[in-house]
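Visitor: Just to be clear, the model below is a prediction. Sequence and coordinates:
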Amino acid sequence: MDVQHFERITAFIEARLTPLFDAGTGSEYGFGMDDTSRALRALRNAVLEASAVKGLIAQRASAEAATARVIDQSVEHHWDVLRGIARQWEDHADFRREFKRHAWELDAAPAAAVGA
């Protein structure tokens with residue numbers, strides 16, 4: 001698991017969500033106080049929060065064993081959150097097979113080697 005995995009899945013989800021927030025299209029989704037707008041903002045916040053864990057990946061190499069285990073658990077948990085969100089668009093042309101994989105399956109393959 002590396003930073004590129006998180007960057008790709010976050011970009012994929014953001015590309016699905018961003019048009020829903022586009023005021024230029026006349027949409028009020030995301031900007032109002034209706035339940036749909038609130039749900040969109042909450043979903044975007046969940047995605048941003050889950051993707052922020054990518055900053056821990058670089059610290060893992062120099063971390064003590066106990067801290068490295070906590071980092072691994074955090075990375076795995078947040079990957080699962082993003083994976084669950086991304087899978088809502090499994091039928092989308094830009095969806096990658098790596099978005100279906102568990103974190104431990106990605107550990108064995110660098111991001112550059114994981115195909116679509």
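Guide: Here it is on my side, so go on.
Visitor: pLDDT wise, what is the residue nearest to Ser51 when sequence neighbours are not counted at?
Guide: Excluding the flanking residues, the one nearest Ser51 by Cβ to Cβ, 6 or more residues apart in numbering is Thr10, at 4.0 Å. Quick note: C-beta positions are derived from backbone N, CA and C, even for glycine. Looking at Thr10, its pLDDT reads 95.
Visitor: Looks like Thr10 contacts Ala46 (just checking).
Guide: No. Thr10 is beyond contact range of Ala46, at 11.3 Å (criterion: Cβ atoms under 8 Å).
Visitor: more crowded one of those two?
Guide: Neighbours were counted for Thr10 and for Ala46 using other Cβ atoms under 10 Å; Thr10 has more, 19 against 16.
Visitor: Let me see the contact set for the more buried one.
Guide: Val47, Leu48, Ser51, Leu82 (Cβ atoms under 8 Å, 6 or more residues apart in numbering).
Visitor: helix or strand for it, which one?
Guide: Using DSSP states H and E, the element containing Thr10 is helix 3-17.
Visitor: Which SSE is immediately downstream of that helix?
Guide: Going down the chain from helix 3-17, the next helix or strand is helix 35-51, by DSSP H and E.
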